[in-house]
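> this is a predicted model, with the sequence first.
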Amino acid sequence: MEKIVSFDKQGRLYIPEDIRRFMQFKTLVLRIYGKSLVIEPIEDDPIEALSKLGKEKLKRKSIETLKKEAREEIEKYALKKIRRF
């Protein structure tokens, strides 16, 4: 799926409704790579998202370690977002 979008006068990027419905995510991460913008979804449940990575990768870490890492990652993104305002 591909759409041409633009920023409004306030600098907001409008994501068309059909794409929002298709993606079904509420929280996204915007990354800049050179002159490209990459928008990626953040799972509502980071632990569930980690479990999808496969049992082998998760065997080496305790659930407490995984929860701690997930919280740290969420806090890192939240702090970046807060600093922009």
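That came through fine.
> I'd like to know which helix or strand in this structure has the lowest mean pLDDT.
Counting by mean pLDDT, DSSP states H and E, the weakest-scoring helix or strand in the chain turns out to be helix 55-59, with a mean of 60.
> quick one: name whatever helix or strand follows it.
Beyond helix 55-59 in the direction of the C-terminus, DSSP states H and E gives the next helix or strand as helix 63-83.
> residues touching the residue most central in space within the chain, list them.
When the chain is reduced to its mean C-alpha position, the nearest residue by Cα atoms, centre = their mean turns out to be I42, at 3.1 Å. If a contact means Cβ atoms under 8 Å, 6 or more residues apart in numbering, then I42 has F25, T27, L28, V29, I74, Y77 as its contacts. All C-beta spots, glycine's among them, are computed from the backbone N, C-alpha and C.
> you'd agree the first one is up against P41?
Yes: here F25 reaches P41: they are 3.6 Å apart, a contact under Cβ atoms under 8 Å.
> so what's I39 bridging to?
Residues in a beta bridge with I39, per DSSP bridges, are L30.
> tally of neighbours for it?
Applying other Cβ atoms under 10 Å, we find 13 other residues in the vicinity of I39.
> that one and L30 touch, don't they?
Yes: look at I39 against L30 with Cβ under 8 Å: they come within range, at 5.4 Å.
> how does this structure divide up, domain by domain?
What the record gives for the chain is the domain set 1-42, 43-85, from automatic domain parsing.
> would you single out the least confident of these?
Per-stretch averages of pLDDT across the domains of the chain put domain 43-85 at the bottom, with a mean of 75.
> and I74, how far from R60?
In this view, I74 and R60 are 21 Å apart by Cβ to Cβ, to the nearest Å.
> okay, the two: which has more neighbours?
Looking at I74 and R60 with other Cβ under 10 Å, you find the greater number of neighbours at I74, namely 13 against 7.
> and the nearest residue to F7 once chain neighbours are set aside, what does it touch?
Distances taken as Cβ to Cβ, 6 or more residues apart in numbering place L13 nearest to F7, at 5.6 Å, with adjacent residues excluded. Taking Cβ under 8 Å, 6+ apart as the contact definition, L13 lies against V5, S6, F7.
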